[in-house]
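Colleague: Using only what follows, build the 3D model:
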Amino acid sequence: MGRRLFFDPQLSPDDSIQCASCHLPSDAFSDGRAVSIGFERRAGTRNTPSLLNVLSDEPNFWDGRRDRLDLAVLDPLVNRVEMGNHTLSEVVDRLSANTGYRQAFDEAFHEGDQSISETHLGTALATYIRSLPRSPNAYDRYEAGDVSALTPQAKAGLQLFMGKAECASCHDPKHGRFTDGRFHSSGIGLGPAEGQLATLTTQALRDNQQGATLGSAIGSNAQLAALGRFLVTHLATDVGAFRTPSLRNVEQTPPYMHDGSITTLTAAIDEELYYRGLATGRPITLTANERDELLAFLRSLTSAPEANAHPAADGRSDLTPRAASGD
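Modeller: Below is the predicted model:
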């Protein structure tokens, strides 16, 4: 059910945008753009993160404003920049007008006319995202005992990752996810808010927006978006702090950082080393050879694409196009 919804443009008011418009299976469920392009070709303010390896009970979005996946998946639907609906009830009404969806929701949730609801819509989409495969990569095979899975260059890069380069201090390899799930300020992306921090933080405290409302405000205001985690916690220490992304499939998801401002993986390495050195007071310098070794290791985190990550062509076309009769 969630898979059908994910690839269905009926979730937008004019049948122009689907979840997969910004989360492309071919790009590890990101979109290759600096920032997302949504409803009526409106540009957002943040880079589209990959949906692979998402957990149900971790902070969602770059600022962590949702801690439940089944709620997080609904926010883009009512984000005026992303999918353009004013309310979730609009989406429910459109789906309810489709005979195929009425039958499919009832088969999935067994609640008759009540089967199509905001709650079940979120449950279905979240279930699909959790089902996306986490295919083993070269690092996984190496950790499982295949010492030949990593090249000598990548093995040297792993040592740098865990040691001299200090990457693992935030990109924790525990459970193979390469993120600590926490929020850090790297100094990147505060440009739009420069000279306006006092005004912007005061505005954020006054408005105290949350959830989907906060998401819409962030999507249409780059200055506000630059405040990061502060918009959720209202803690001064969280100004400019963003969630540590997973590095799995990182080679497939350029550009990088929350604002998509870093175009290549090599440049992202250099930026991360520079700001980590500033944060710790210990500059981190890698030779050209060491940088290549670290890059080789990061590339070993790429998984092979999975055919079942794409929508099924099973002939049930009645679930996608909306007929003129509303049926």
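Colleague: check contacts around residue 254.
Modeller: When contacts are counted by Cβ atoms under 8 Å, 6 or more residues apart in numbering, residue 254 touches 32, 263, 264, 265. Where C-beta positions appear, they are placed from N, C-alpha and C, glycine not excepted.
Colleague: pretty sure it is in a strand, no?
Modeller: No: applying DSSP: H, G, I helix; E, B strand; the rest coil, one finds residue 254 to be coil, outside a strand.
Colleague: where's it relative to residue 263, distance?
Modeller: Distance, residue 254 to residue 263, by Cβ to Cβ, to the nearest Å: 6 Å.
Colleague: returning to what we had before: what subset of the contacts of residue 254 is buried?
Modeller: 32, 265 (16 or more other Cβ atoms under 10 Å).
Colleague: Next, format the contacts of residue 254 as CSV and append distance to residue 210, pLDDT and secondary structure.
Modeller: Conversion of the contacts of residue 254 to CSV gives the following (distance: Cβ to Cβ, whole Å; pLDDT from 0 to 100; DSSP: H, G, I helix; E, B strand; the rest coil):
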residue, distance to residue 210, pLDDT, secondary structure
32, 30, 96, coil
263, 33, 96, coil
264, 35, 97, coil
265, 34, 97, helix
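Colleague: Which pLDDT does the model give residue 247?
Modeller: With respect to pLDDT, residue 247 scores 96.
Colleague: Numbering from 755 from now on, please.
Modeller: OK, 755 is where the count begins now, so the last one is residue 1001.
Colleague: so it touches residue 926, yeah?
Modeller: No: between residue 1001 and residue 926 there is no contact under Cβ atoms under 8 Å: 10.0 Å.
Colleague: Neighbour count: these two, which is higher?
Modeller: Taking other Cβ atoms under 10 Å, residue 1001 and residue 926 do not tie; residue 1001 has more neighbours (23 against 17).
Colleague: How about the contacts made by the more buried one?
Modeller: 925, 932, 933, 1052, 1055.
Colleague: and if we set it to 10 Å?
Modeller: By Cβ atoms under 10 Å, 6 or more residues apart in numbering, the contact list for residue 1001 reads 807, 893, 915, 921, 924-927, 931-933, 1007, 1019, 1051-1052, 1055.
Colleague: which neighbours do residue 1008 and residue 1017 share?
Modeller: Common neighbours of residue 1008 and residue 1017 are listed as residue 788 (criterion: Cβ under 10 Å, 6+ apart).
Colleague: Once you drop chain neighbours, what's closest to residue 962?
Modeller: residue 988 (7.9 Å; Cβ to Cβ, 6 or more residues apart in numbering).
Colleague: I'd assumed residue 955 was in contact with the one you found.
Modeller: Yes: assessed by Cβ atoms under 10 Å, residue 988 is found in contact with residue 955 at 8.3 Å.
Colleague: between the two, what contacts are shared?
Modeller: residue 981.
Colleague: more crowded one of the two?
Modeller: Counted by other Cβ under 10 Å, residue 988 and residue 955 do not tie: residue 955 has more neighbours, with 18 against 13.
Colleague: Pull out the buried members of the contacts of residue 1001.
Modeller: By 16+ other Cβ under 10 Å, the contacts of residue 1001 give 807, 893, 915, 921, 924-927, 931-933, 1007, 1019, 1051-1052, 1055 as buried.
Colleague: what's the closest of the residues you listed to residue 950?
Modeller: residue 924 (27.5 Å; Cβ to Cβ).
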